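Can you look at this prediction? I've put the sequence above it.
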Amino acid sequence: MTVSLGGVPVLVDVSFDIVDGLNLVLGPNGSGKTTLLRTIAGIYRPQRGSVEVDGDVGYMPAEFSDAYMTVMDVLLAGGGRPPSRYLAWLAAVGLGGYERRIFSELSTGQKRLVLLAKALAEGKLVLLDEPTANLDPARKAVIMRVLQRLKKLKTFIVASHDLDLVNIADSVVLLRGGRAVQLRPEEVDGEVLSETYGLPIEVVRSGGHKLFLPRYDF
Amino acid sequence: MASKVWMAAVVVVAIVAWFAGYYSRAPAAQTATVVTTYSETATTTYSTTVTTTYLTTVTTTATVVVRYYPITVVDALNRTLQIAAEPARVVSLAPSITQMLVALGLCSRIVGLDQFSYQLLKELNYTSCLPADAEVVEINAMSPTGFNGDAIILLKPDLVLADSGIEAMWARDMQKLGVPVYFLYGTRAASFADIERDVEALGKIFDRARRAAAVVGWMETELAKYRTPTNATVAQIVWINPDGSFYAAGNNTFVAAEIRAAGGINAIGQGGWGPFEPSLLIAANPSVIVVGSMGFNCTYALQTLRNIPHVSSVSAYSNGRIYALSGLAEDAVDQPSLMSVYAVAMFNMVMTGRAPHCLDTRWFLQQFPSPIPTG
Amino acid sequence: MSGRNLVLFSLASLPPLFVLFLSTGAVFLTPDKLFAGGPYSVIVYGIRLPAAIAAALIGSILAVSGAVMQTLYRNPLLDPYITGTASGAAFGALLAYALAVVGLSPAYMLLYQVPLAFLFATAASIATLAAGRGRVYATVIGGVAVSYIFSAATTIGLSYLSSREPQIPPLAFWLFGYIDYVSYRADALLAVVAAGLIAAAVKEARRMDLVAISDELAHVRGIKPDRYRLFWISAISLSTALIVSQVGVVGFLGLMAPHMARMALKNGSAAAVVPASAALGAPVLLASGALARGLLGFSVPVTAITSIFSAPIIILALVHAGKRIDS
């Protein structure tokens, strides 16, 4: 598909297959990751090509307002699903019992988890925009564990710069200059990443997963 | 989304229909109710003598009584009213109106009057002409709903008389309440002709046209006495702010008409009541300044002139031609009504130097012992 | 306090407040006179009852409007007059005077004033919404600008007219609000508007919450946030214009009732605050109206009383917010 925003082409001739499990979309800032996600969600319509989605879509936004309402209210907002379903997914992300807490009083990680639970309740296909941004390593680990666990039940499309997510991905799409390259996670190596990001990146294996080390020249 | 459009359409239609209903009703032709009396002025007696050839002389006298009411009148706000019968219970909402009612011999009909009217009658010592059950209707002229609808409704008046200047904003709500109200020119009067028109209007409403004409004639006679053309320029100042800006009678106000009728010139060239800049007074340079009481005693009222910067350069001030009004004297100037003829007299006396600096109630009653012609 | 309790409490407080409203006025009617019939029944049923009904309905409409605005625009300092309805109405009213002064018969001024006020209140809103087009920042700034323009025009017009016609009645009614003489017909219209607005707002409350949380999420769920905001602010502006043309500007209620609800429920979601505001608005305005009519012998503007009420609420809300920010 091709998507233009405001007359400027953002994604040109992008097409890839969505596999079961976790699809990771990587790319530098401005490469169109969010645009891609929004197009799949139906917010934007492609100029050419089409998006085929079967069933409902859940969405976890990168930015959201600090709403002074209960977690339950956030879950129920505009969703149209029965409360019991939201509560079940709230428990699934590890926040069981938090429904009466005030959303704005939670930590950033907890807020993210609430919105993740909401997205999980609302669709078989779940789109996540930067789910691990601005989180400390422990909180990030929690999110990654949740995604790892749940990807058997859902199909995820995650847009992120967080290269650590490659470790839990089942498919990786690299965006650069509006074009896409789809790879299997094993195929993601330092060369291809360096080309995508324009910065030398080394891949190191440690303790069973890959570590990605950008070579900053200080 | 369709339900939202529907809902919006319903609301819009409801609003349009409501306003349409608003307009489908003509400006209310109101009916004033009750008491039936036969008019005394409109009785015609016919007398016929019939002579037949049968040596019988039959004289027939027929008395035909022409009913005066119902009549249709148009008030100063151009509203049409139907008066079904001579109003027996009247409420007056302005002292200028009360003066006219007293002069027309209608004081005993006043079942309700505003607090300023009552104050005026007290100063004139005329309260005894009111009926025993008359009530003071406390009004607040500053409030758009200050006509005290509750008290008026409880009085069950046949007619309420109001002032189309200060009290016009009450018209809509009074109409909503179904109160039969007639607006006189009152404080919107720009000339004595307007006042006389009010007197005649009351004469028409109460079937006292002859009496009204007599009152108007009296006004004209009094006015003729005091018309001395002078070159005096008079500024009538009603309030002075601490910074020297002031409120005064502009040249399209009734007070200006009074000054002109007395033969003078109104010093303030602009229209309205102000607020005016101090420089306007300096430039106008009146030869006479008259101030209202502003709630103070005479001496203090005169002293407030000093708040106006450079007032000493005004010829009125430097020549000591400054005067203060209070009590009945102030009422006569402020209330465009019968006593305004005395306002003209007072301005004339002030301009020709025959008045004291403090014109108060006592002085007023000395000069004009029976202010309202009740005869 | 739970939402249901708040609504029940508000509804329960209506009958005694109605009685209070019916008792107060230039003539204070004790309960025996109130229900006795006779000479006072005209006052009670002809004057005060329709005004009381109007107060309750208007209170609900303004409160619910404030709650919706504050949710959709994510700004707790908004009130329903944000699109310039207040200044527009004052200008329309002044225009009616101007028409009378330049020669149109004064009787027409009596007829035209209310529709002109409504017309210009709506015109001001349209101007604001055309400038803002549903976007949050643009609408708020646009509303401020439109209000200033109409206020300036009104002030200049007033000064000019005062010099031409010395007896220009004060604009106090339009600027500060008086709920004294309202017809039953107007009550019927207000009831239709209230029912429609409140029912729709309560039904849409969850979706409003979604728009408040994230425009993106709203898009995904099929709501176009800008258009949604535009729809609601148009409905609110129209209702507000109607209210202003009837009773003048009743201030602070739309601002403060949602805050009261938020503080009582300890929850700021529209799902909680919208129904609570609708319920709270009626007794608050009834009480304010009763006080406005009963404190002195004549009516003071109702906005003066609502502003007294709102001062402690706003201070409390600020302290609350301050604590949250600092913590």
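Done, it's in. Note that the coordinates shown come from a computational prediction; the quantities given were computed from them, not determined experimentally.

for the closest residue to C:Ala186 other than its chain neighbours, what are its contacts?
Leaving aside its sequence neighbours, C:Ala186 sits nearest to C:Gln246 (CB to CB, 6 or more residues apart in numbering or on different chains; 5.4 Å). Every C-beta, even on glycine, is put in place using the N, C-alpha and C of the backbone. For C:Gln246, the contacting residues are C:54, C:58, C:114, C:182, C:186, C:190, by CB atoms under 8 Å, 6 or more residues apart in numbering or on different chains.

Looking at these, spot the one nearest B:Arg89.
Sorting the contacts of C:Gln246 by how near they are to B:Arg89, with CB to CB, puts C:Val182 at the top with 27.0 Å.

Once you drop chain neighbours, what's closest to the closest one?
Counting by CB to CB, 6+ apart, the residue nearest C:Val182 is C:Ala54, at 4.0 Å.

Output the helix or strand harbouring the one you found in CSV with nothing but the alpha carbons.
C:Ala54 is part of helix C:49-72, with elements assigned from DSSP states H and E. C-alpha atoms of helix C:49-72 as CSV (Å, rounded to 0.1, in the frame of the first residue of the first chain):
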residue,chain,number,x,y,z
LEU,C,49,-43.6,28.0,39.7
PRO,C,50,-42.7,28.5,36.0
ALA,C,51,-39.6,30.4,37.2
ALA,C,52,-38.7,27.5,39.5
ILE,C,53,-39.1,24.9,36.8
ALA,C,54,-37.0,27.0,34.5
ALA,C,55,-34.3,27.3,37.2
ALA,C,56,-34.2,23.5,37.7
LEU,C,57,-34.0,22.8,34.0
ILE,C,58,-31.5,25.5,33.2
GLY,C,59,-29.3,24.4,36.1
SER,C,60,-29.3,20.9,34.7
ILE,C,61,-28.6,22.0,31.1
LEU,C,62,-25.7,24.3,32.1
ALA,C,63,-24.1,21.8,34.5
VAL,C,64,-24.3,19.0,32.0
SER,C,65,-22.9,21.3,29.2
GLY,C,66,-20.0,22.2,31.4
ALA,C,67,-19.2,18.6,32.2
VAL,C,68,-19.3,17.7,28.5
MET,C,69,-17.1,20.6,27.5
GLN,C,70,-14.5,19.9,30.2
THR,C,71,-14.3,16.3,29.3
LEU,C,72,-14.1,16.7,25.5
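
In that helix, which residues are buried?
C:49-72 (16 or more other CB atoms under 10 Å in any protein chain shown).

what is the mean pLDDT for it?
Per-residue pLDDT over helix C:49-72 has a mean of 96.

Burial check on B:Gln82, number of neighbours?
If you count neighbours by other CB atoms under 10 Å in any protein chain shown, B:Gln82 ends up with 14.

what's the answer for C:Lys323, then?
9.

per-residue pLDDT, it?
At C:Lys323, pLDDT is 74.

mind checking how far it is from chain A?
12 Å (CB to the nearest CB, to the nearest Å).

re earlier: can you name the next helix or strand after the helix holding C:Ala54?
By DSSP H and E, the next helix or strand past helix C:49-72 is helix C:85-101.

Tell me the residues on chain C that lie near chain A, please.
C:74, C:206-207, C:209-214, C:216-221, C:223, C:262, C:266-269, C:271-272, C:324 (CB under 8 Å from any CB of the partner chain).

Let's see that with 6 Å instead.
Contact residues, chain C versus chain A (CB under 6 Å from any CB of the partner chain): C:74, C:206-207, C:209-210, C:212-214, C:216-217, C:219-221, C:267-269, C:271.

Filter the residues you listed down to the buried ones, PyMOL style.
Burial among the residues of chain C next to chain A is assessed by 16+ other CB under 10 Å; the matching PyMOL selection reads:
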select buried, chain C and resi 206+207+209+210+212+213+214+216+217+219+220+221+267+268+269+271
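
Which ones among the residues of chain C next to chain A map onto helices?
C:206-207, C:209-210, C:212-213, C:216-217, C:219-220, C:271 (DSSP state H).

Name the nearest of those residues relative to chain A.
Nearest to chain A, judged by CB to the nearest CB, of those is C:Leu210 at 2.9 Å.

Quick check: closest non-adjacent residue to that closest one.
Nearest to C:Leu210 is A:Gly78, by CB to CB, 6+ apart, at 2.9 Å.

Next, that neighbour: secondary structure please.
coil (DSSP: H, G, I helix; E, B strand; the rest coil).

Report the contact partners of it.
Each residue near A:Gly78 by CB atoms under 6 Å, 6 or more residues apart in numbering or on different chains is listed here: C:206-207, C:210, C:221.

Quick check: residues of chain A near chain C?
A:41, A:43, A:59, A:61, A:64-65, A:67-70, A:73, A:76-78.

Now list the buried members of these.
A:41, A:43, A:59, A:61, A:64, A:67-70, A:73, A:76-78.

so of the residues you listed, which ones are in strands?
A:Tyr59 (DSSP state E).

any idea which of the buried ones among the residues of chain A next to chain C is closest to A:Val204?
A:Pro61 (32.4 Å).

State whether that closest one and C:Ser214 are indeed in contact, as I suppose.
Yes. The pair A:Pro61 / C:Ser214 is scored as a contact, 4.7 Å apart, by CB atoms under 6 Å.

where's A:Leu211, which helix or strand?
Per DSSP H and E: strand A:209-214 holds A:Leu211.
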